[in-house]
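*Asks:* Output the structure for:
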Amino acid sequence: MTEGLNLDYTLFIPEFLLGGLAVLIVALDLYAPRMRKMWLSYVAAAGLAVTAGVSLAWVDKQSDFAHIISIDNYTTYFRVFFMATGAVVCLASGKLVEDKLRHPGEYYALIILSTIGAIGMAASRELMTAYLSLELLSFSLYVLVSYAKFDKRSNEAGLKYMLLGAFASAMFLYGLSLIYGITGSTYYSEISAALADKGAHDYDFAMLMGLVLIIAGLGFKVAAVPFHMWTPDAYEGAPVAITAYLSTTSKAAGFALLLRLFSGAFEVVHDDWSWMIAGMAAATMLLGNLVALQQRNIKRLMAYSSIGQVGYMLMGVAGLSHDTASALVLHLTGYMITNMALFIVIIVWVHMNESEEIADFKGMRERAPLLAGVLAGALFSLAGLPPFAGFVTKFILFQAATNEGYFWLAAIGVVTSVISLYYYLQVMREVFVSKPDDGSQPLGVPLVMQGLAVALMLGVFFVGLYPRPLYDAVDNATAFLFL
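*Replies:* Residues are numbered from 1 along each chain as shown. The predicted structure follows:
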């Protein structure tokens, strides 16, 4: 059965290291003195950073494990991407988690395990492997969203997310079964070959239904309209650091799987599904940005903002090509850096002021000028203004979509970007114009959070002013999708 298959387990060294790190964190949590629990965030972040460095050993190498996992530059890029995001979230969680959780080690272990699932989604070349990876990520997130177990909102958010997520997973799995029934295989390459065969057109309806169910299942994971209903409640109820994690790794993993799956298995029937993705992109951009105008809670605002960003990214899937895939991953990376910078500010402010209402951001300029500056830069980047990352990544993405014939989608993207500027400015009005309450004192922002905020904002400027190195890395990674 294994004859001719590559069963080199050394390809999974980074994942083995992550698994060992998760076990180590739990063990330290159980046996380390209570006063040292704060150090768990540093251990987790350091372990993720070191493992990301180890992953670079596979740059410019191409191999696979039993034809189900591909180890190439695309996998390596997302290995580093997901580990870096996890490290930032662990550092940002430190003080908050220590104050509110009895055993924070489980929290960090779940972040690490979800990172393994996200990597598997990017690396999979076979349907069941992709599904299992998706479930590993999803189940970790279900627990993390409801981790503030004494908060009714967190419990409600976790329950809604789990129930709707189970329904979406069932649709995705049923879609996979239809595709398997049509093609007789779960391997991406064999599915592509079977669908390219003219005989496969005898099963047009079943194939279409399989694609619809797969798109619906993955649409839920990335929070695309009309599968976005879980997002505002999950964002609002989850601990703030997990809200940041949902808005980055969860979405990035979904798009990493979308690109690998649709380029590897369904590119030959592009015309049969591109119109669905294009319609979802338009609806997602419009609904996300329009509903965000009415939000007064910062976490719900960011939920609808992230939905709007998903609409932009779906353009890269609708016009699937090497150029659009590169543009999508570039925008995803810029968005991740920007969003994490913004959420560092939100985490600090919410933790110190015990309020998530936008109106309570008043006076940040006087009380925490560094945070106010980072927040302004991040919001301008999300709106797509120069010289921030969001401008250049959106420009490249819209140009790539236009080159593939989706000028109308790019036009909607430009209009909705202008709309988004309005609700971002509403936040900035509170930060820079509204005066703080009488007696408000300057905030003492932890040095770790200050360092993260500054480093991430420098990343936003770097991508916005000199995107060439990042674009070259992304373009090289996505080239492996179309070999």
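*Asks:* which residues in the stretch 201-350 of the chain form helices?
*Replies:* Using DSSP state H, counting those that start in this stretch, the helices of the stretch 201-350 of the chain run over residues 204-222, 231-237, 240-245, 251-264, 270-292, 298-318, 322-353.
*Asks:* who's in contact with the shortest one?
*Replies:* When contacts are taken as Cβ atoms under 8 Å, 6 or more residues apart in numbering, the neighbours of helix 240-245 outside the stretch itself are 85-86, 89, 92-93, 96-97, 111, 114, 141, 144-145, 147, 234-236, 299, 302, 339-340, 343, 346-347, 350-351. Bear in mind the C-beta positions are built from the backbone N, C-alpha and C, glycine included.
*Asks:* Take the helices of the stretch 201-350 of the chain and write them to a markdown table, including mean neighbour count, mean pLDDT and distance to Thr76.
*Replies:* Formatted as a markdown table, the helices of the stretch 201-350 of the chain follow (neighbours: other Cβ atoms under 10 Å; pLDDT from 0 to 100; distance: least, Cβ to Cβ, whole Å):
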| stretch | mean neighbour count | mean pLDDT | distance to Thr76 |
| --- | --- | --- | --- |
| helix 204-222 | 20 | 91 | 22 |
| helix 231-237 | 25 | 89 | 30 |
| helix 240-245 | 26 | 90 | 21 |
| helix 251-264 | 24 | 94 | 12 |
| helix 270-292 | 20 | 93 | 26 |
| helix 298-318 | 26 | 93 | 20 |
| helix 322-353 | 25 | 92 | 13 |
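*Asks:* closest to Gly158 out of these?
*Replies:* Nearest to Gly158, of all those, is helix 231-237, at 7.1 Å by Cβ to Cβ.
*Asks:* on contacts alone, who are the packing partners of the closest one?
*Replies:* helix 152-183, helix 240-245, helix 298-318 (3 or more Cβ pairs under 8 Å, 6 or more residues apart in numbering; DSSP states H and E).
*Asks:* could those be laid out in JSON lines, adding distance to Ala196?
*Replies:* JSON lines is the format used below for those (distance: least, Cβ to Cβ, whole Å):
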{"stretch": "helix 152-183", "distance to Ala196": "10"}
{"stretch": "helix 240-245", "distance to Ala196": "39"}
{"stretch": "helix 298-318", "distance to Ala196": "20"}
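*Asks:* With Lys394 as the reference, name the closest of those.
*Replies:* Nearest of these (Cβ to Cβ): helix 298-318, 6.6 Å.
*Asks:* Can you tell me how far Leu141 is from Val454?
*Replies:* 29 Å (Cβ to Cβ, to the nearest Å).
*Asks:* Pro386 contacts Phe461, doesn't it?
*Replies:* No: contact criterion Cβ atoms under 8 Å: Pro386 and Phe461 do not qualify, at 10.8 Å.
*Asks:* Contacts for stretch 450-469 next, please.
*Replies:* 88, 91-92, 330, 333-334, 337-338, 340-341, 344-345, 370-371, 373-374, 377-378, 381, 386-393, 396, 470.
*Asks:* hang on, the earlier thing: more neighbours, Leu141 and Val454?
*Replies:* Leu141 (28 against 15; other Cβ atoms under 10 Å).
*Asks:* re earlier: point out the one among the helices and strands packed on helix 231-237 that comes closest to Val212.
*Replies:* Comparing the helices and strands packed on helix 231-237 under Cβ to Cβ, the one sitting nearest is helix 152-183, at 7.2 Å.
*Asks:* Now the closest one: buried residues?
*Replies:* Neighbour-count burial for helix 152-183, counted by 16 or more other Cβ atoms under 10 Å, picks out 154, 157-158, 160-162, 164-165, 168-169, 171-173, 175-176, 178-179, 182-183.
*Asks:* what helices or strands is it leaning on?
*Replies:* helix 127-145, helix 188-196, helix 204-222, helix 231-237.
*Asks:* try 6 Å this time
*Replies:* Judged by 3 or more Cβ pairs under 6 Å, 6 or more residues apart in numbering; DSSP states H and E, the packing partners of helix 152-183 are helix 127-145, helix 204-222, helix 231-237.
*Asks:* is it possible to export those helices to TSV including distance to Gly308?
*Replies:* TSV is the format used below for these (distance: least, Cβ to Cβ, whole Å):
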stretch	distance to Gly308
helix 127-145	21
helix 204-222	12
helix 231-237	11
